[in-house]
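Asks: Kindly return the folded structure for what I paste below:
(one chain, ligands or ions: 1)
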Amino acid sequence: MKRPPAIDPQTHALFLDFDGTLVELVDDPDSVALARDRVERLQEMTDRLSGALAIVSGRRISDLDRFLSPLSFAAAGVHGLERRVRPDGETEFLMAPDALDPVRNALAPTLEENQRLSLEDKGTALVLHFRTAPDLADVARGVMERATRDRDDLVVMEGDNIVEVHPAGMDKGRALADFMTSAPFEGRIPVYLGDDTTDEFALQTVMDMGGVAVKVGTKDSVAGYRLANVADVHHWLDVCGI
Ligand SMILES: O=P(O)(O)OC[C@H]1O[C@H](O[C@H]2O[C@H](CO)[C@@H](O)[C@H](O)[C@H]2O)[C@H](O)[C@@H](O)[C@@H]1O
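Replies: This next block holds a predicted model:
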């Protein structure tokens with residue numbers, strides 16, 4: 001496993017995935033937690049990078065704010081459909097949530113019949129969770145496929161024990177590329193840490209930009225560097241040079 005190189009706070013920008021990278025994966029999406037000293041370390045890194053640290057997540061930015069309080073940070077939420085370029089900036093919402101109303105309605109009977117499947121409604125994205133019901137994975141994939149048939153304006157993506165739908169046209173790679181066009185990120189070398197399939201878009205973008213792409217865990221990846229797990233990420237954050 002090739003470990004990532006040291007990072008220079010003057011020349012690099014740091015992009016961090018959330019679930020599976022900064023926090024351990026757990027059964028209940030609402031019960032993730034980050035220790036206070038880890039939040040303080042992220043604040044210290046944000047300050048040393050002059051704000052060029054962003055969380056890039058499938059989560060809503062409002063949820064990230066809740067989990068990471070009192071950290072002040074830039075963020076791409078819902079895979080880039082929500083965006084806050086500066087730590088103290090306003091959140092922009094790039095899509096309206098009503099595009100998903102027909103999908104919400106189409107999923108409802110299956111959720112009623114299969115109560116071990118759960119729905120996470122993020123407004124601009126809907127997620128079916130089957131971590132605690134792996135036998136229902138195909139039911140979840142099937143109903144999502146049927147609910148989105150003939151909808152070219154939507155994209156269905158699989159993550160870790162989830163199937164998710166949101167408006168097409170955005171992913172973590174495009175979100176990262178957008179960040180790199182404005183201050184405080186512009187002109188820096190991107191560094192990205194992520195564990196999941198949806199992070200591959202950003203890892204590829206970082207590779208294309210000559211940056212430092214770091215896969216967390218053992219899944220296949222385009223990334224050139226690896227960290228073993230969430231604990232290893234936090235160890236590396238402590239020694240990476242920022
Ligand atoms: O881009 P990320 O920050 O990695 O967010 C991706 C999804 O994370 C959450 O789901 C994942 O974490 C849950 C809590 O550990 C876990 O129960 C689930 O199985 C994982 O897929 C979140 O709930 C999703 O909305 C995010 O898209």
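Asks: so where is this protein shaky, pLDDT-wise?
Replies: Residues of the chain meeting the criterion pLDDT under 70: 1.
Asks: Can you name the residue of it nearest the ligand?
Replies: For the chain, the residue closest to the ligand is Gly58, as judged by Cβ to the nearest ligand atom, at 2.4 Å. No exception for glycine: its C-beta is placed from N, CA and C like everyone else's.
Asks: Just the element for Pro5, please.
Replies: Assigned by DSSP states H and E, Pro5 falls within no helix or strand.
Asks: my read: it touches Val212, true?
Replies: Yes - contact criterion Cβ atoms under 8 Å: Pro5 and Val212 qualify, at 6.6 Å.
Asks: quick one: which of those two has more around it?
Replies: Neighbours were tallied for Pro5 and for Val212 using other Cβ atoms under 10 Å; the higher tally belongs to Val212 (23 against 13).
Asks: How much space separates that one from Phe15?
Replies: 10 Å (Cβ to Cβ, to the nearest Å).
Asks: One more: Leu94?
Replies: Distance of Leu94 to Phe15, computed by Cβ to Cβ: 18 Å.
Asks: More neighbours: these two, which one.
Replies: When Leu94 and Phe15 are compared for neighbours, Phe15 comes out ahead with 29 against 16, by other Cβ under 10 Å.
Asks: which residue packs closest to the more buried one, ignoring adjacent ones?
Replies: Spatial nearest neighbour of Phe15, excluding adjacent residues (Cβ to Cβ, 6 or more residues apart in numbering): Tyr192 at 4.4 Å.
Asks: In the sheet, which residues pair with the one you found? Tell me.
Replies: Listed by DSSP bridges, the beta-bridge partners for Tyr192 are Phe15, Ala213.
Asks: Would you confirm that it contacts Val214?
Replies: Yes - the criterion here is Cβ under 8 Å, and Tyr192 meets it with Val214 at 6.6 Å.
Asks: Now do the shared contacts for these two.
Replies: Contact criterion Cβ atoms under 8 Å, 6 or more residues apart in numbering; residues bridging Tyr192 and Val214 by contacting each: Leu203.
Asks: Quick one: distance of stretch 143-156 to the chain centre.
Replies: Its chain's average C-alpha position is 21 Å from that of stretch 143-156, according to Cα atoms, centre = their mean, to the nearest Å.
Asks: scratch that, stretch 139-156 is what I was asking about
Replies: In this view, stretch 139-156 has its centroid 21 Å away from the chain centroid, taken as Cα atoms, centre = their mean.
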